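Undergrad: the sequence and its predicted three-dimensional model are supplied below.
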Amino acid sequence: MAVGGRFGPLIGAIDEGTSSARFLVFAANTGEVLTYHQVEILQHCPREGWVEQDPMDILSAVRDCMDKAVDNLHKLDIDPADIKAIGITNQRESTIIWDPKSGKPLNNAILWLDVRTTDTVDQVLAQVRDHNQNYLKPLCGLPVSTYFSALKVRWLMDNVPQVKQAMKEKSCYFGTVDTWLIWNLTGGKDGGLHITDVTNASRTMLMNIKTLKWDNTLCKFFGIPMEVLPDIRSSSEIYGYITEGCLQGLPISGCLGDQQSALVGQMCFKKGQAKNTLGTGAFMLYNTGTAVVHSNHGLLTTVAYRMGKDAAPVYALEGSVAICGVIMKWLRDNLKIIDNVTDTHKIAEETSRAGKVYFVPAFAGLYAPYWRKDARRCVIG
């Protein structure tokens with residue numbers, strides 16, 4: 001890698017999450033975070049169970065974070081030219097459909113924890129013997145659930161006329177958040193790259209977990225034309241170059257879904273190693289090596305990473321919990337029983353444990369291992 005300034009070569013990282021976007025700058029040789037900037041992204045909940053974001057807000061937040069982080073580098077007397085490459089990590093499953101000619105989204109992004117597709121799940125399972133939600137698991141590693149992208153695309157096709165028409169004409173693009181960002185940052189309607197990485201593709205229910213390609217059987221099952229899907233790439237290669245802003249000309253050379261990115265960040269490269277992340281939701285990933293392992297206990301089979309075009313894919317088992325840290329926001333903004341999320345620790349310390357009160361945070365149903373879309377939040381005791 002090329003020699004940089006006093007910190008050596010630097011790496012920029014776009015971290016686009018459920019509630020905010022960040023851009024961080026690392027020293028490549030030490031892993032030290034030299035600076036970052038973070039922007040909250042507004043969520044819209046027009047109906048109970050619906051969770052949306054404006055794709056333009058997502059893009060604007062990422063651009064703002066990149067600009068502000070570069071400003072910070074100047075203040076620290078660090079040359080932004082020392083940044084040699086950009087990586088992307090993103091909230092998974094969240095679904096965006098847009099017009100590649102205008103660059104405009106056809107609908108708000110439907111986020112991963114949105115449960116509007118409950119009826120869509122029922123309609124899909126009506127095609128399946130015994131309504132078996134694991135019917136497609138041998139192909140894609142995932143149960144039929146409100147969680148995954150294919151159900152969100154199907155809902156948009158059934159409920160948003162302009163999406164239905166664009167899909168019929170095959171004149172729109174589908175993408176998860178990584179695809180939307182890469183397309184815009186590499187040129188947008190003027191030649192932007194319509195791609196995704198294998199970890200994000202593995203969360204759509206449209207990719208074959210073994211071939212790592214879009215699967216004709218899966219696409220036909222959901223009625224989604226393959227022509228609107230992005231090209232699938234590895235997690236580590238030079239995809240293209242940024243065509244705008246203060247980091248113009250830099251290569252985008254890495255992409256991972258956020259939980260797979262955490263697995264890599266925690267150095268879980270050996271079979272049998274695992275990580276657990278507590279964020280908006282909670283997610284445990286267990287490295288199964290190059291073997292595709294299917295769980296009989298409600299875990300997902302997913303791609304952990306593929307470090308290069310010619311590298312073998314590494315797989316993982318995943319236990320997903322939809323609602324975790326976001327409960328703190330609910331306590332603050334909805335119940336208004338705290339002013340700051342840090343207050344919860346003090347309240348817990350002052351509260352008697354003798355009451356045995358249980359809270360089931362099933363705001364988005366229950367994920368692993370139950371996969372109950374009909375579960376609802378409750379307080380018991």
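TA: Perfect, thanks for sending it.
Undergrad: can you show me the helices along the chain?
TA: Using DSSP state H, the helices of the chain run over 55-75, 118-125, 137-140, 149-159, 161-169, 177-185, 198-201, 216-222, 258-265, 326-333, 343-350.
Undergrad: residue contacts, Cys172?
TA: Residues in contact with Cys172 (Cβ atoms under 8 Å, 6 or more residues apart in numbering) are 97-100, 106, 163, 166, 228. (C-beta placed from N, C-alpha, C; glycine too.)
Undergrad: thinking again about what came up before, now render the helices of the chain as JSON lines, adding mean neighbour count.
TA: Formatted as JSON lines, those follow (neighbours: other Cβ atoms under 10 Å):
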{"stretch": "helix 55-75", "mean neighbour count": "19"}
{"stretch": "helix 118-125", "mean neighbour count": "17"}
{"stretch": "helix 137-140", "mean neighbour count": "19"}
{"stretch": "helix 149-159", "mean neighbour count": "23"}
{"stretch": "helix 161-169", "mean neighbour count": "15"}
{"stretch": "helix 177-185", "mean neighbour count": "28"}
{"stretch": "helix 198-201", "mean neighbour count": "28"}
{"stretch": "helix 216-222", "mean neighbour count": "16"}
{"stretch": "helix 258-265", "mean neighbour count": "23"}
{"stretch": "helix 326-333", "mean neighbour count": "15"}
{"stretch": "helix 343-350", "mean neighbour count": "10"}
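Undergrad: so can I have CSV of those helices showing mean pLDDT?
TA: Listed next are those as CSV, based on pLDDT from 0 to 100:
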stretch, mean pLDDT
helix 55-75, 97
helix 118-125, 95
helix 137-140, 97
helix 149-159, 98
helix 161-169, 97
helix 177-185, 99
helix 198-201, 98
helix 216-222, 97
helix 258-265, 96
helix 326-333, 83
helix 343-350, 80
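Undergrad: which residues does the residue nearest in space to the middle of the chain contact?
TA: For the chain, the residue nearest the mean C-alpha position is Arg92 (1.7 Å; Cα atoms, centre = their mean). Contact analysis of Arg92 by Cβ under 8 Å, 6+ apart lists 112, 176-177, 199-200, 203, 257-259.
Undergrad: repeat for Gly319
TA: For Gly319, the contact set (Cβ under 8 Å, 6+ apart) comprises 283-284, 298-300, 368-369.
Undergrad: let's see it at 10 Å
TA: Residues near Gly319 by Cβ atoms under 10 Å, 6 or more residues apart in numbering: 274, 276, 282-286, 295, 297-300, 367-369.
Undergrad: re the thing from before, not counting its neighbours along the chain, what's nearest the residue nearest to the centre of the chain?
TA: Using Cβ to Cβ, 6 or more residues apart in numbering and skipping the chain neighbours, the partner closest in space to Arg92 is Gly257 (4.1 Å).
Undergrad: hang on, that neighbour packs against Ser149?
TA: No: counting by Cβ atoms under 10 Å, Gly257 does not reach Ser149; the two are 11.4 Å apart.
Undergrad: now do the shared contacts for those two.
TA: With Cβ under 10 Å, 6+ apart, Gly257 and Ser149 have common neighbours 92-93, 176, 200-201, 203.
Undergrad: Ser171 touches Lys164, doesn't it?
TA: No: at 11.7 Å, Ser171 does not count as touching Lys164 under the criterion of Cβ under 10 Å.
Undergrad: quick check: the gap between the residue lying closest to Ala166 once chain neighbours are set aside and Ser102.
TA: In this structure, Ala166 finds its nearest non-sequential neighbour in Cys172, 3.7 Å apart by Cβ to Cβ, 6+ apart. Between Cys172 and Ser102 the computed distance is 10 Å (Cβ to Cβ, to the nearest Å).
Undergrad: which among the contacts of Cys172 count as buried?
TA: 97-98, 100, 106, 163, 166, 228 (16 or more other Cβ atoms under 10 Å).
Undergrad: related to what we said a few turns ago, now, the contacts of Gly319 that are in strands?
TA: Among the contacts of Gly319, DSSP state E puts 274, 276, 282-286, 300 in strands.
Undergrad: in ChimeraX, how would I select the buried members of those residues?
TA: Buried members of those, identified by 16+ other Cβ under 10 Å, are gathered into one ChimeraX selection as follows:
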select :274,282,283,284,285,286,300
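Undergrad: need the ones in strands among the contacts of Gly319 in a markdown table (columns: distance to Gly188).
TA: Below are the ones in strands among the contacts of Gly319 laid out as a markdown table (distance: Cβ to Cβ, whole Å):
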| residue | distance to Gly188 |
| --- | --- |
| Ala274 | 38 |
| Asn276 | 37 |
| Ala282 | 35 |
| Phe283 | 31 |
| Met284 | 36 |
| Leu285 | 32 |
| Tyr286 | 38 |
| Leu300 | 33 |
